[in-house]
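> Fold the following for me, if possible:
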Amino acid sequence: MACGTPVIAFNKGSMPELIKHGRNGFLVRTVDEAVKAIRDIPPIERLACRKWVEGRFTVDRMVEEYIGVYRKILRMRKREPS
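Numbers count the residues shown, from 1 in each chain. Here you go, the predicted structure:
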């Protein structure tokens with residue numbers, strides 16, 4: 001996707017967060033669905049795939065989001081008196 005290539009992937013794990021069905025690829029449940037999805041790739045704009053990655057997976061954004069998760073965990077943690 002970072003190279004502008006639409007992705008066909010099984011609809012499991014984090015794939016629904018990464019792939020927007022029909023916009024930058026296709027989420028499928030079976031190999032037969034994956035084969036059928038190949039014919040639906042031409043209308044997907046390659047530049048849109050690349051921009052999706054650029055907007056969501058930069059080093060800066062990922063670092064900021066990890067820091068946010070760590071801060072949330074620290075806020076939720078009960079502090080014991082010393």
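
> Low-confidence stretches in this structure?
78-82 (pLDDT under 70).

> Mind listing residues that contact the longest helix seen in it?
Counting residues, the longest helix found in the chain (DSSP state H) is helix 59-76. Contacts to helix 59-76, defined as C-beta atoms under 8 Å, 6 or more residues apart in numbering, come from no residue at all. C-beta here means a position set from N, CA and C on the backbone, and glycine is covered the same way.

> Which residue would you name as the spatial centre of this protein?
residue 18 (1.7 Å; C-alpha atoms, centre = their mean).

> ok, that residue - contacts?
With C-beta under 8 Å, 6+ apart, residue 18 has these contacts: 1, 7, 9.

> now swap in residue 41 and tell me
6, 8, 26.

> so how far is the longest helix of the chain off the chain centroid?
18 Å (C-alpha atoms, centre = their mean, to the nearest Å).

> swap in stretch 54-65?
Centroid separation between stretch 54-65 and its chain, computed with C-alpha atoms, centre = their mean, is 12 Å.
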